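Undergrad: Take a look and give me a structure for this.
(one chain, ligands or ions: 1)
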Amino acid sequence: ADITNAMIENAAKDTKNVLSFGMGTQGQRFSTLTQINTKTVGQLVPAWSFSFGGEKQRGQESQPIIANGKMFVTASYSRIYAIDLKTGNKLWKYEHRLPEAIMPCCDVVNRGAAVYGNLVIFGTLDAQLVALDQNTGKVVWKEKVDDYAAGYSMTAAPLIAKGVLITGVSGGEFGIVGRVEGRNPLTGELLWSRPTVEGHMGYKYDKDGKALDAGVTGTVNKSWPGELWKTGGASTWMGGTYDPATGLAYIGTGNPAPWNSHLRPGDNLYSSSTLALDPTTGQIKWAYQSTPNDSWDFDGANEFVTFDMNGKRYGGKADRNGFFYVIDAKTGQLQNAFPFVNKITWASGIDLKTGRPNFIAANRPSDPTKGDGKKGSTVFAAPAFLGAKNQMPMAYSPQTGLFYVPANEWGMEIWNEPITYKKGGAYLGAGFTIKPLNDDYIGALRAVDPKTGKIVWENKNTAPLWGGVMTTAGGLVFYGTPEGFLKAVDAKSGKELWKFQTGSGVVAPPVTWEDGGVQYVAVVSGWGGAVPLWGGEVAKKVNFLEQGGSVWVFKLATKI
Ligand SMILES: O=C(O)c1cc(C(=O)O)c2c(n1)C(=O)C(=O)c1cc(C(=O)O)[nH]c1-2
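TA: The predicted model follows:
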């Protein structure tokens, strides 16, 4: 059957399908299914496994979509497969023809597709959107979003909100201009385009491509000096969430470009922020900036996951900068902010009245022009730029009231250098080396109570955690590790109840659904992403990990 907007809005409750990234557009990654639970999970065994094949065995970050008896799963290098859910047989595959010169900053990843009507839609590493017929894999429409040679790419799963296809762009390390776009999902037609860098003030397009005022507030050059807003970054590389309860789509934005913050004094709106947008117009309803004048590539692209607390709707966000934010989902008012990692050097806390961080000035890497002109002082900073949390999505359980956050404890040495913008060139103006903080672990899955800010339990992991999390009404939390395991633990205590070696590192989020009275769990396996490329001393430690590319599906060995 055609996937409708009503089905997408109900996706979080639909146990037979997984119709969106986040297992529901709110991004909670919570399933009401209970067949697999704390008592039965020990009997979980593989039902089938499928290899993505070829030589392109790396960086598999995809969350599968389950719809109409099929699994739609993207793979590295802009590939997508349709698989028969019952048999694990391949139905079709589409391999996007990529130019040699693509420039994704952080591996050749893709995090998943969207479904709408009879289409399955995904973004490519050369910044195009492709919509395919779910049954045949034939291309129905294709749209160029932007110029890959200027550093644009797409790695996020698209979002459907109020029947609009909402997408972001990647490329913050190349001085692209971040934006969010709304399209007709059936045709690819652009409905609006909303830049995320103040200066490029909110325009959208009418049907003839004429720029219209989107009623957005802000003043050119108010939060950016000179011309820097023209190459300001703030990419929207993780896509967004949407909550039918508020009618708003929530998009995180990336780092301002370049990294060297002394080149761009000011807050640099709307970089390293959460934006709440009207999905039908792209108008910004509220914005909250977690790291004004970001100097550490903290970014703010992390997912904003909405949930109920004390009879109100809030969003939780585990920011790369190390703080967990609880924000009123309707108004953007900051409710609470607390650390979810042990070491934060850049700020002593967040002022809940103003919403601004209390910066520790001495821990900001210095201005090279105040020294020898070539290199500023090297400072030790934590978290590292790869973040207290990165692309791997967290989960929220309404049953326990806890967020399950895949966190990492690491730091870095960082310094600034001069830089000028050059199209297609890295635009950092900084150098760095990532360092572990502890001998025995980097990753830690943490159960975070949004009411109290307390960590209720944690499970340490030797390598950095890079896969997402899922939680279920069966009292379980599922997550993958770079060491290759998919694990199930008790949602209340973190006690490990089951694990399975998938054969390569898991850097993707699991999903679950039911079919014919049987509950299934699936996860993609295939080590890669930013850690092996940018992890410095940590990358050396995890060099033993092998790459791969497959999807695993599990069910209980005996029918309950
Ligand atoms: O600024 C950007 O546009 C951008 C894009 C991406 C991406 O699209 O994957 C990442 C980052 N930044 C980034 O900072 C980062 O740490 C990162 C890690 C990963 C990954 O998939 O492992 N992607 C990205």
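Undergrad: Do a quick rundown of the strands in the stretch 151-300 of the chain.
TA: Counting by DSSP state E, counting those that start in this stretch, the segments of the stretch 151-300 of the chain that form strands are 159-161, 164-167, 179-183, 190-195, 203-205, 211-213, 240-243, 248-252, 273-277, 284-289.
Undergrad: and if you look at the stretch 401-550 of the chain?
TA: Under DSSP E, counting those that start in this stretch, the stretch 401-550 of the chain gives strands at 402-408, 410-416, 430-436, 443-448, 455-461, 469-472, 476-480, 485-490, 496-501, 511-515, 518-525, 550-556.
Undergrad: can you pull out the helices in the protein?
TA: Here the chain has its helices, by DSSP state H, at 5-9, 530-534, 536-541.
Undergrad: got the strands of the stretch 401-550 of the chain as TSV, with distance to the ligand, mean neighbour count and mean pLDDT columns?
TA: Yep, even glycine has a C-beta here, placed from its N, CA and C like the rest. Putting these into TSV (distance: least, CB to the nearest ligand atom, whole Å; neighbours: other CB atoms under 10 Å; pLDDT from 0 to 100) gives the following:
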stretch	distance to the ligand	mean neighbour count	mean pLDDT
strand 402-408	11	27	98
strand 410-416	12	22	97
strand 430-436	11	19	95
strand 443-448	14	24	98
strand 455-461	16	19	98
strand 469-472	16	27	98
strand 476-480	14	28	99
strand 485-490	18	22	98
strand 496-501	22	16	98
strand 511-515	18	22	98
strand 518-525	13	25	98
strand 550-556	18	22	98
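Undergrad: Specify the stretch among these that is closest to Tyr116.
TA: The closest approach between Tyr116 and any of the strands of the stretch 401-550 of the chain, judged by CB to CB, belongs to strand 511-515 at 18.2 Å.
Undergrad: For that closest one, which strands pair with it and how are they oriented?
TA: In the sheet, strand 511-515 lines up against strand 518-525 (antiparallel) (DSSP bridges).
Undergrad: sorry, back to before: could I get the strands of the stretch 151-300 of the chain as CSV with mean neighbour count, mean pLDDT and distance to Gly69?
TA: Formatted as CSV, the entries for these read as follows, by neighbours: other CB atoms under 10 Å; pLDDT from 0 to 100; distance: least, CB to CB, whole Å:
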stretch, mean neighbour count, mean pLDDT, distance to Gly69
strand 159-161, 27, 98, 20
strand 164-167, 26, 98, 23
strand 179-183, 25, 94, 27
strand 190-195, 22, 89, 31
strand 203-205, 18, 53, 38
strand 211-213, 11, 54, 42
strand 240-243, 28, 98, 25
strand 248-252, 29, 98, 29
strand 273-277, 26, 96, 33
strand 284-289, 20, 94, 38
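Undergrad: and those strands as a markdown table, adding distance to the ligand?
TA: As requested, those are arranged in a markdown table below (distance: least, CB to the nearest ligand atom, whole Å):
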| stretch | distance to the ligand |
| --- | --- |
| strand 159-161 | 15 |
| strand 164-167 | 12 |
| strand 179-183 | 12 |
| strand 190-195 | 14 |
| strand 203-205 | 21 |
| strand 211-213 | 24 |
| strand 240-243 | 14 |
| strand 248-252 | 11 |
| strand 273-277 | 13 |
| strand 284-289 | 16 |
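Undergrad: Which among the ones you listed is found nearest to Thr472?
TA: Of all those, the one in closest proximity to Thr472, counting by CB to CB, is strand 240-243 (19.3 Å).
Undergrad: So which elements touch the closest one?
TA: The helices and strands touching strand 240-243, judged by 3 or more CB pairs under 8 Å, 6 or more residues apart in numbering; DSSP states H and E, are strand 159-161, strand 248-252, strand 305-309.
Undergrad: List the contacts of the residue of the stretch 301-450 of the chain found nearest the ligand.
TA: Checking the stretch 301-450 of the chain residue by residue against the ligand with CB to the nearest ligand atom singles out Gln391 as nearest, at 4.5 Å. Neighbouring residues of Gln391 by CB atoms under 8 Å, 6 or more residues apart in numbering: Glu61, Val109, Arg111, Met238, Ala301, Trp466, Gly529, Ala530.
Undergrad: could you redo the last one with a cut-off of 10 Å?
TA: Taking CB atoms under 10 Å, 6 or more residues apart in numbering as the contact definition, Gln391 lies against 61, 106, 109, 111, 155-156, 237-238, 301-303, 320, 406, 466-468, 507-509, 529-530.
Undergrad: quick one, which of the helices of the chain is packed in tightest?
TA: Compared across the helices of the chain, helix 530-534 shows the largest average neighbour count, a mean of 21 (mean count of other CB atoms under 10 Å).
Undergrad: quick one: the closest residue to the ligand within the stretch 451-560 of the chain from Gly175, how far?
TA: Residue of the stretch 451-560 of the chain nearest the ligand, by CB to the nearest ligand atom: Gly529 (2.9 Å). Taken as CB to CB, to the nearest Å, the spacing of Gly529 relative to Gly175 amounts to 22 Å.
Undergrad: okay, the two: which has more neighbours?
TA: When neighbours are counted by other CB atoms under 10 Å, Gly529 comes out ahead of the other of Gly529 and Gly175, with 30 against 26.
Undergrad: residues touching the closest residue to the ligand within the stretch 151-300 of the chain, list them.
TA: Sorted by distance to the ligand under CB to the nearest ligand atom, the residues of the stretch 151-300 of the chain start with Gly172, at 2.5 Å. Each residue near Gly172 by CB under 10 Å, 6+ apart is listed here: 105, 151, 178, 232-237, 253-259, 271-272, 297, 299, 301, 427-428.
Undergrad: Based on its surroundings, how many neighbours for the residue lying closest to Gln28 once chain neighbours are set aside?
TA: On the basis of CB to CB, 6 or more residues apart in numbering, the spatially nearest residue to Gln28 that is not a chain neighbour turns out to be Tyr396, at 4.5 Å. Residues near Tyr396, counting by other CB under 10 Å, number 25.
Undergrad: Equivalent analysis for Glu55, please.
TA: Look at Glu55: counted by other CB under 10 Å, it has 7 neighbours.
Undergrad: Make 461 the first number, not 1, from now on.
TA: Will do, 461 is the new start, and the previous item becomes Glu515.
Undergrad: what's the burial count for the residue of the stretch 461-610 of the chain found nearest the ligand?
TA: Taking CB to the nearest ligand atom as the measure, the point where the stretch 461-610 of the chain comes nearest the ligand is Cys566, at 3.3 Å. For Cys566, the tally of surrounding residues (other CB under 10 Å) stands at 21.
Undergrad: And Ala844, its phi and psi?
TA: Dihedral angles phi and psi of Ala844 (degrees, to the nearest 10) take the values phi -70, psi 170.
Undergrad: Please list all residues in contact with the nearest residue to Leu1016 once chain neighbours are set aside.
TA: Spatial nearest neighbour of Leu1016, chain neighbours left out: Gln503 (4.8 Å); criterion: CB to CB, 6+ apart. If you count contacts by CB under 10 Å, 6+ apart, Gln503 has them with Ile496, Trp958, Phe1014, Lys1015, Leu1016, Ala1017, Thr1018, Ile1020.
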